[in-house]
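A.B. asks: How does the following fold in three dimensions:
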Amino acid sequence: MADALLSIQGLAAGTEDKPILHGVSLTLGAGETHVLMGPNGAGKSTLGHVIMGDPQYQVSAGSIRFKGQDITELSADKRSLAGIYLSYQAPVEVPGVPLFSFLRTIADKRPELKMPGRKFRARVAELAAQLDMDTAYLNRELNVGFSGGEKKKVEMLQLLLLQPSLAILDETDSGLDVDALSTVSRAMEAYRAECDGTLLVITHNTRILERLNVDRTHVMVKGRIVEEGDASLISRIDEQGFERYEREA
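C.D. replies: Next up is the predicted model:
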């Protein structure tokens, strides 16, 4: 395995009244692509949000280390600046905030991404074209009135713009038609090719994985990692489903 970028040890977490994750341990090497699969309600999205530092979840045991630093108590904004990105399953609408202004604001928080206004606008337009996104969307309010596929394109636009060290894609394929799914897949390929970043793809649909070279596959059931393997595990799950894991959990 490549040098550990993210190391999770014995992680237990949940909301105030509901424990969700139970003793999760997971290591992602730099430049690797990992897939986290499991049935609905397994805790996959919770793990992504806990890694990102979502304050609605509390860690009761274990640790999260990123680039060698313990970030278990770090706030979400500091984790973002450190190089972690989470693509949401259901991106929220933000009335009153134009998409371009939002992108400019988040990019300005990263010294390595600062550039003159004209150059920045050209860069964003280039990425929009790569995602088959009309640049007129850049002047619209963030995600307001956007379709599901358009919202996911905005998430991919942020991914390619920010070039994080670790990208967590939470059910990015949810509700997408064939064309939108192809666009998202291309964005994931571009991220891996251009940034050599680490991907953690959370999904229960194997179609989005067809164009990815997957290093490790993890299966989560009832808040626990119950099996791990290489890319061949994806095909086995595609054929057999999660029923066996659910019976044994």
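A.B. asks: what about the strands in this protein?
C.D. replies: For the chain, the strands defined by DSSP state E cover 4-15, 18-29, 33-37, 58-66, 69-70, 84-87, 94-98, 141-142, 166-170, 198-202, 216-221, 224-229.
A.B. asks: List the contacts of stretch 30-42.
C.D. replies: 1-5, 26, 28, 44, 47-48, 165, 192, 196-204, 209, 212-223, 234, 237, 242, 245-246 (CB atoms under 8 Å, 6 or more residues apart in numbering). The way it works is simple: take the backbone N, C-alpha and C, and place the C-beta from them, glycine included.
A.B. asks: switch to 6 Å and redo it
C.D. replies: 2-3, 5, 28, 44, 196, 198-202, 204, 212, 214-221, 237, 242 (CB atoms under 6 Å, 6 or more residues apart in numbering).
A.B. asks: circling back: may I see the strands of the chain organised as JSON lines, with distance to residue 124, mean pLDDT and mean neighbour count added?
C.D. replies: Shown next, in JSON lines, are these (distance: least, CB to CB, whole Å; pLDDT from 0 to 100; neighbours: other CB atoms under 10 Å):
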{"stretch": "strand 4-15", "distance to residue 124": "27", "mean pLDDT": "97", "mean neighbour count": "18"}
{"stretch": "strand 18-29", "distance to residue 124": "29", "mean pLDDT": "97", "mean neighbour count": "18"}
{"stretch": "strand 33-37", "distance to residue 124": "26", "mean pLDDT": "96", "mean neighbour count": "24"}
{"stretch": "strand 58-66", "distance to residue 124": "27", "mean pLDDT": "98", "mean neighbour count": "17"}
{"stretch": "strand 69-70", "distance to residue 124": "30", "mean pLDDT": "96", "mean neighbour count": "10"}
{"stretch": "strand 84-87", "distance to residue 124": "16", "mean pLDDT": "96", "mean neighbour count": "24"}
{"stretch": "strand 94-98", "distance to residue 124": "12", "mean pLDDT": "96", "mean neighbour count": "12"}
{"stretch": "strand 141-142", "distance to residue 124": "14", "mean pLDDT": "96", "mean neighbour count": "18"}
{"stretch": "strand 166-170", "distance to residue 124": "18", "mean pLDDT": "96", "mean neighbour count": "25"}
{"stretch": "strand 198-202", "distance to residue 124": "22", "mean pLDDT": "96", "mean neighbour count": "24"}
{"stretch": "strand 216-221", "distance to residue 124": "33", "mean pLDDT": "96", "mean neighbour count": "23"}
{"stretch": "strand 224-229", "distance to residue 124": "38", "mean pLDDT": "96", "mean neighbour count": "16"}
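A.B. asks: I'd like these written out as TSV, with distance to residue 188 added.
C.D. replies: Formatted as TSV, the strands of the chain follow (distance: least, CB to CB, whole Å):
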stretch	distance to residue 188
strand 4-15	17
strand 18-29	15
strand 33-37	9
strand 58-66	21
strand 69-70	26
strand 84-87	10
strand 94-98	24
strand 141-142	22
strand 166-170	7
strand 198-202	7
strand 216-221	16
strand 224-229	21
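A.B. asks: Tell me which of the ones you listed sits nearest to residue 107.
C.D. replies: strand 84-87 (12.7 Å; CB to CB).
A.B. asks: Remind me what the lowest-mean-pLDDT helix or strand in the chain packs against, helices and strands.
C.D. replies: Here the helix or strand of the chain ranked lowest by mean pLDDT, DSSP states H and E is helix 243-248, holding a mean of 84. In terms of contacts (3 or more CB pairs under 6 Å, 6 or more residues apart in numbering; DSSP states H and E), helix 243-248 is packed against strand 216-221.
A.B. asks: what comes into contact with the strand it packs on?
C.D. replies: Under CB under 6 Å, 6+ apart, the answer for strand 216-221 is 34-38, 42-44, 225-229, 233-234, 245-246, 249.
A.B. asks: and with 7 Å instead?
C.D. replies: 26, 32, 34-39, 42-44, 225-231, 233-234, 242, 245-246, 249 (CB atoms under 7 Å, 6 or more residues apart in numbering).
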